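**Q** sequence and predicted structure, then a few things I'm wondering about:
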Amino acid sequence: MTNKKNEYLGPLVIIGVLFFVMGFITWVNGTLITFFKKAFSLDNTSSYLVTFAFFISYTVMAIPCSMVVKKTGFKNGMSLALMVMAVGTLIFIPAAEMASYPLFLVGLFTIGIGLTVLQTASNPYATILGPRESAAQRISIMGIANKGAGIISQIVIGKLLLAGAESVDPKDELDKVVVPYLILTAILVILAIVIRMTKGLVEVSEEEDETPGSSQAVQKTSVFQYPNLVLGVIALFCYVGVEVIAADTIISYGVSLGIPESEARVFGAYTLGGMMFGYVLGIVLIPKFVSQQAYMIFSASLGLVVTIAAFLTTGFTSVMCIAVLGFANAVIWPALWPLALSGLGKFTKIASALLVMGISGGAIMPLIYGGLADSIGSTQKAYLIVLPLYAFIVYFGLVGHKKKSW
């Protein structure tokens, strides 16, 4: 057993580094929303095209990317993904020079394509590397790396883009992205080379994950015959929707309430900090004291309560309620993956691709939030859109993941 754990340690460390990279690039979007809204004089709906362009790539490219991972294997696929992400960050340079918001969105979409490959490979990889009942614990560790990087990116990039005197020339404002994104491009290229050259990543056969002695696994001929997967995809769509809304709207929400931008720029770090605390708690409690699904039900239920509190309170208190959603969201992702993939066996890779497509919730739900905020004239009331999303996650944790047939 010890040798087996040692064999998995190296690959998990590498996956942890990749989760850090994913977190740094993903969670800077909250800063970019506020930055572009100011630089291009955008309304709420237009500013949330940042998350739409970034996350919609998961839906468009999930299946093709799963084919890439199947053909290249984990290591080469991850290296390729980092290079694609480097192309996306590099696009920010001419976008700033041309002062083109659409070109920035193209860059974000390209980054999202690379991240789709990483997500398709890394989440099932972390799930399979060890006992399934502790999969949420392993993915929680990855989540700490992801959100820790997000906190760093919110603080560092936020200080670079949102701090200081605002220039009257939009072009001068946009030039602020050039140096940080050139540095990001260089880091991604170096990491791609390192991953390509490393010998630490081992291929894992997801075929071994099939439930022993399960006649259902043999009889089923389509991935859509697994209700726990299909409902899991919907639940993951709901989850990423609430996760991105909580993390990426909080800065703009604070500003809309009259809080100075210099103070509001760190609010996203509060949300991600709450997620990190939730991950740590999950690592301690799962599976020794509480099951994955029980913790997920508690988390989604807490999300319902805190969202209502954000609606009923005002000012900084309401903003902090949105930040607490980070804690409520923390363990939903790592608990949901193993429940949705349970018993999929040979269908694991395609099932993983479908789950990755569910990440499009991060594209669609913030855009709906922004449109709702514009139409009703209230960024606070628009948060009620997350209530049915949390309710479905509760359903999946209580009933949906147990369904073995339609």
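**A** In hand now; what should we look at?

**Q** need the helices for the stretch 101-250 of the chain, in chain order.
**A** Taking DSSP state H, counting those that start in this stretch as the criterion, the stretch 101-250 of the chain contains helices spanning 101-128, 135-162, 170-174, 178-197, 215-219, 227-248, 250-256.

**Q** so where's this protein uncertain?
**A** Applying pLDDT under 70 to the chain flags residues 1-10, 121, 123-137, 163-168, 200-218.

**Q** follow-up on the earlier one: any chance of the helices of the stretch 101-250 of the chain in JSON lines, with mean neighbour count and distance to Leu355 too?
**A** From N, CA and C alone the C-beta is placed, and that goes for glycine too. Below are the helices of the stretch 101-250 of the chain laid out as JSON lines (neighbours: other CB atoms under 10 Å; distance: least, CB to CB, whole Å):
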{"stretch": "helix 101-128", "mean neighbour count": "23", "distance to Leu355": "7"}
{"stretch": "helix 135-162", "mean neighbour count": "23", "distance to Leu355": "12"}
{"stretch": "helix 170-174", "mean neighbour count": "16", "distance to Leu355": "36"}
{"stretch": "helix 178-197", "mean neighbour count": "16", "distance to Leu355": "23"}
{"stretch": "helix 215-219", "mean neighbour count": "12", "distance to Leu355": "18"}
{"stretch": "helix 227-248", "mean neighbour count": "25", "distance to Leu355": "5"}
{"stretch": "helix 250-256", "mean neighbour count": "24", "distance to Leu355": "26"}
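
**Q** how about the ones you listed in TSV, adding distance to Glu263?
**A** Below are the helices of the stretch 101-250 of the chain laid out as TSV (distance: least, CB to CB, whole Å):
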stretch	distance to Glu263
helix 101-128	25
helix 135-162	10
helix 170-174	19
helix 178-197	21
helix 215-219	54
helix 227-248	17
helix 250-256	7
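
**Q** of these, which is nearest Thr313?
**A** Nearest to Thr313 among those is helix 250-256 (12.5 Å), distances taken as CB to CB.

**Q** what residues does that closest one touch?
**A** 30-31, 33-34, 37, 44, 47, 158, 261, 263-265, 267-268, 270-271, 316, 319, 322-323, 379-380 (CB atoms under 8 Å, 6 or more residues apart in numbering).

**Q** circling back: which one, of the helices of the stretch 101-250 of the chain, ends up nearest to Thr89?
**A** Closest of those to Thr89 is helix 178-197, at 4.6 Å (criterion: CB to CB).

**Q** that closest one to helix 101-128, inter-axis angle?
**A** Relative orientation of helix 178-197 versus helix 101-128 (axes from the mean of the first three to the mean of the last three CA atoms, to 10 degrees): 30 degrees.

**Q** next, the angle helix 135-162 makes with helix 178-197.
**A** Using the same axes, to 10 degrees, helix 178-197 lies at 150 degrees relative to helix 135-162.

**Q** and the contacts of helix 178-197?
**A** For helix 178-197, the surrounding residues in contact (CB under 8 Å, 6+ apart) are 14, 17-18, 21, 24-25, 75-76, 78-80, 82-83, 85-86, 89-90, 92-93, 96, 156-157, 160, 201.

**Q** hmm, which of the residues you listed are the buried ones?
**A** 14, 18, 21, 24-25, 75-76, 78-80, 82-83, 85-86, 89-90, 92-93, 96, 157, 201 (16 or more other CB atoms under 10 Å).

**Q** mind checking the SS state of Phe289?
**A** Here Phe289 is recorded as coil under DSSP: H, G, I helix; E, B strand; the rest coil.

**Q** neighbours of it, just the number please.
**A** 9 (other CB atoms under 10 Å).

**Q** for Lys346, same thing?
**A** With other CB under 10 Å as criterion, Lys346 counts 16.

**Q** gap between stretch 173-181 and the chain center?
**A** 24 Å (CA atoms, centre = their mean, to the nearest Å).

**Q** same question for stretch 112-123.
**A** On CA atoms, centre = their mean, the centre of stretch 112-123 falls 10 Å from that of its chain.

**Q** what residues does it touch?
**A** Outside stretch 112-123, the residues that touch it by CB under 8 Å, 6+ apart are 15, 18-19, 21-22, 25-26, 53-58, 61-62, 65-66, 68-69, 74, 77-78, 80-88, 139, 142, 337, 349, 352-353, 355-356, 359.

**Q** about what we covered before: so which of the contacts of helix 178-197 belong to helices?
**A** If you go by DSSP state H, these have 14, 17-18, 21, 24-25, 75-76, 78-80, 82-83, 85-86, 89-90, 92-93, 96, 156-157, 160 in helices.

**Q** what distance do you get for the residue lying closest to Asn76 once chain neighbours are set aside to Leu184?
**A** Leaving aside its sequence neighbours, Asn76 sits nearest to Arg196 (CB to CB, 6 or more residues apart in numbering; 7.0 Å). From Arg196 across to Leu184, the span is 19 Å (CB to CB, to the nearest Å).

**Q** looking at the helices of the stretch 101-250 of the chain, which is nearest to Gly278?
**A** Per CB to CB, nearest to Gly278 of these: helix 135-162, 8.3 Å.

**Q** packing partners for the closest one?
**A** In this structure, helix 135-162 makes packing contacts with helix 2-26, helix 29-39, helix 101-128, helix 178-197, helix 267-285, helix 292-312, helix 332-341, judged by 3 or more CB pairs under 8 Å, 6 or more residues apart in numbering; DSSP states H and E.

**Q** let's see that with 6 Å instead.
**A** Helix 135-162 sits against helix 2-26, helix 29-39, helix 101-128, helix 267-285, helix 332-341, with contacts defined as 3 or more CB pairs under 6 Å, 6 or more residues apart in numbering; DSSP states H and E.

**Q** would you mind giving these as a markdown table with distance to Lys176 added?
**A** Output for these, formatted as a markdown table (distance: least, CB to CB, whole Å):
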| stretch | distance to Lys176 |
| --- | --- |
| helix 2-26 | 17 |
| helix 29-39 | 8 |
| helix 101-128 | 13 |
| helix 267-285 | 17 |
| helix 332-341 | 32 |
